[in-house]
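Asker: Could you work out the structure for the sequence below:
(chains A and B, ligands or ions: 5)
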Amino acid sequence: MGVPVAKGRVSIIVERCKSCGFCVEFCPTKVLALSSAFNSKGYHPPHVVEPEKCSGCDLCGMYCPDFAIYATKIAPPKEAARES
Amino acid sequence: MNDFINSVENPVERFLRTDRMPHIWCPGCGIGTTVNCFARALIESKIDLQSLALVSGIGCTGRVAGYVKLDSFHTTHGRAIPFATGLKLANPKLNVVVYSGDGDLSAIGGNHLIHAARRNIDLKVICVNNLIYAMTGGQTAPTTPGHAITSTAPYGSYEPAFNLPHLVEAAGAVYVARWTTFHVRQLARSIAEVFQKKGFGFIEVISPCPTLYQRRNRLGDGLDTMKYYKEKSKVRHGAPTNEVGLTMTGEIIVGKFVDRDRPDYQTLMRTQLSESLGERFVESAEMVCS
Ligand SMILES: Cc1ncc(C[n+]2csc(CCOP(=O)(O)OP(=O)(O)O)c2C)c(N)n1
Ligand code: SF4
Ligand code: SF4
Ligand code: SF4
Ligand SMILES: [Mg+2]
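Answerer: Ligands and ions are numbered 1, 2, ... in the order given. As a prediction, the model looks like this:
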């Protein structure tokens, strides 16, 4: 233990993003940041900077006015099965 | 990195006409966030999509009708509620949602709003209130707070504004709630909840229009406005609606203000007609267009 393991994974549909920053600001664990890359409309989409901190809560997905980001939960590893 | 993928598995996709994306709404506009919450409410409430119809008026918010993958209709300005009323009367089993802007619903459509609430027509109204007529260039709306600069009030608005929750409660709505686009989970829950109510339900969503309202008033962009909502909103369920009026930079009272029961229009009609006509009252089968 000790090393945080990501419980969620974010997907970003970069071409839909308009760089509003809502997802970055309201992610409770600050997983995201706006990147310096451009999409084809000239917006800076977010990227994942702290992947292991993602809980998969999908708040970023709910805030996005452009349906450009969403998160899924990662199933926890089956500890019991490994130990026995 | 596996985070930069062009996937189409977003859970809200199945409620959207993705072929029409990216949508026309400006960066930082809150309307898309409300649609996102609406889609989540559809998932949460497990409502039968075949039973659902969405009606919008004209405006930036009115465009919602064109982006949802549901039976929807984009009516003329101010006429979303009368169209929706007809739809509901003809097909009483439909769940009819009216999704429109503050100007559409409370200015040109204001008369329909109060009378639909008075009659308690079984409609679920989602009113995106950006405090302005956005689509036409930012004119003063009945909801524009005092002192705000608009394209028709370059020296500041001085008209007293409508307090929409108070208005619709007084007119007879059975469910009245207000959230902002910051309150995504609460908003989705409220929308799911209003589907459970029979009668006239009204949810006001305070939403940024960075392009025309915030910019002209030096209130920053969409994100600045979301931070203002976060900082200045107070949840007060059951707050007396006469106390929830909005100002330009003050506190925003949010929550569920009204949740009561009274017979809806069609129940009243049935009761009255059965009473006066007795056996002679026969309801015709629902109208189905094919
Ligand atoms: C009969 C008629 N009058 C006026 C207009 C012009 N008009 C279009 S949208 C609009 C106001 C929209 O305001 P609101 O409902 O608040 O929507 P928003 O754009 O702010 O989302 C007006 C006055 C029209 N389309 N039709
Ligand atoms: S799913 Fe939750 S924790 Fe993960 S990036 Fe989105 S908001 Fe942050
Ligand atoms: S919320 Fe959506 S549109 Fe805004 S920056 Fe994030 S991904 Fe882009
Ligand atoms: S003008 Fe205002 S309400 Fe209309 S899309 Fe742009 S930000 Fe949204
Ligand atoms: Mg408006």
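Asker: So what touches stretch B:238-253?
Answerer: With C-beta atoms under 8 Å, 6 or more residues apart in numbering or on different chains as the test, stretch B:238-253 has contacts from B:131, B:143, B:145-148, B:161, B:163, B:165-166, B:169-170, B:176, B:178, B:180, B:206, B:217, B:219, B:228-229, B:232-234, B:236, B:255-258. Every residue, glycine included, has its C-beta placed from N, CA and C.
Asker: Identify the residue nearest residue A:25 in space, chain neighbours excluded?
Answerer: In space, and not counting its chain neighbours, residue A:25 is closest to residue B:223: 6.0 Å by C-beta to C-beta, 6 or more residues apart in numbering or on different chains.
Asker: residues of the helix or strand that neighbour falls within that come out buried?
Answerer: Using DSSP states H and E, residue B:223 sits in helix B:222-232. With burial defined by 16 or more other C-beta atoms under 10 Å in any protein chain shown, the residues of helix B:222-232 counted as buried are B:222, B:223, B:225, B:226, B:228, B:229.
Asker: In the stretch 151-290 of chain B, what residue comes closest to ligand 4?
Answerer: residue B:209 (3.2 Å; C-beta to the nearest ligand atom).
Asker: mind listing what that residue touches?
Answerer: Residue B:209 makes contacts with B:26, B:29, B:30, B:60, B:130, B:131, B:132, B:134, B:138, as judged by C-beta under 8 Å, 6+ apart.
Asker: is stretch B:211-220 anywhere near ligand 5?
Answerer: No. Against ligand 5, stretch B:211-220 shows no contacts by C-beta under 5 Å from the ion, the least distance being 8.3 Å.
Asker: List the buried residues in that stretch.
Answerer: Neighbour-count burial for stretch B:211-220 [16+ other C-beta under 10 Å]: B:211, B:212, B:213, B:214, B:216, B:217, B:219, B:220.
Asker: can you count the residues close to the closest residue to the third one other than its chain neighbours?
Answerer: When the adjacent residues along the chain are set aside, residue B:213 lies closest to residue B:132, with 4.5 Å between them (C-beta to C-beta, 6+ apart). Taking other C-beta atoms under 10 Å in any protein chain shown as the criterion, the count of residues near residue B:132 is 30.
Asker: Residue B:132 contacts residue B:142, correct?
Answerer: No. Taking C-beta atoms under 8 Å as the definition, residue B:132 is not a contact partner of residue B:142, at 10.6 Å.
Asker: Need the residues touching each of those two.
Answerer: With C-beta under 8 Å, 6+ apart as the test, residue B:132 and residue B:142 both reach B:102, B:103.
Asker: Including secondary structure and pLDDT, could the contacts of residue B:209 go into JSON lines?
Answerer: Output for the contacts of residue B:209, formatted as JSON lines (DSSP: H, G, I helix; E, B strand; the rest coil; pLDDT from 0 to 100):
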{"residue": "B:26", "secondary structure": "coil", "pLDDT": "98"}
{"residue": "B:29", "secondary structure": "coil", "pLDDT": "98"}
{"residue": "B:30", "secondary structure": "coil", "pLDDT": "98"}
{"residue": "B:60", "secondary structure": "coil", "pLDDT": "98"}
{"residue": "B:130", "secondary structure": "coil", "pLDDT": "98"}
{"residue": "B:131", "secondary structure": "coil", "pLDDT": "98"}
{"residue": "B:132", "secondary structure": "coil", "pLDDT": "98"}
{"residue": "B:134", "secondary structure": "coil", "pLDDT": "98"}
{"residue": "B:138", "secondary structure": "coil", "pLDDT": "98"}
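Asker: Whatever helix or strand residue B:268 lives in - what's its average pLDDT?
Answerer: For residue B:268, the host element (DSSP H and E) is helix B:265-277. Mean pLDDT, helix B:265-277: 96.
Asker: With stretch A:4-21 instead?
Answerer: Per-region confidence: stretch A:4-21 scores 94 on mean pLDDT.
Asker: Just give me how far that stretch sits from the chain centre.
Answerer: Offset of stretch A:4-21 from its chain centre (C-alpha atoms, centre = their mean, to the nearest Å): 4 Å.
Asker: Say whether ligand 4 is contacted by it.
Answerer: No. Stretch A:4-21 lies apart from ligand 4 when judged by C-beta under 6 Å from any ligand atom; the minimum separation is 10.2 Å.
Asker: Just the buried positions in that stretch, please.
Answerer: For stretch A:4-21, the neighbour count (16+ other C-beta under 10 Å) marks A:6-14, A:16-21 as buried.
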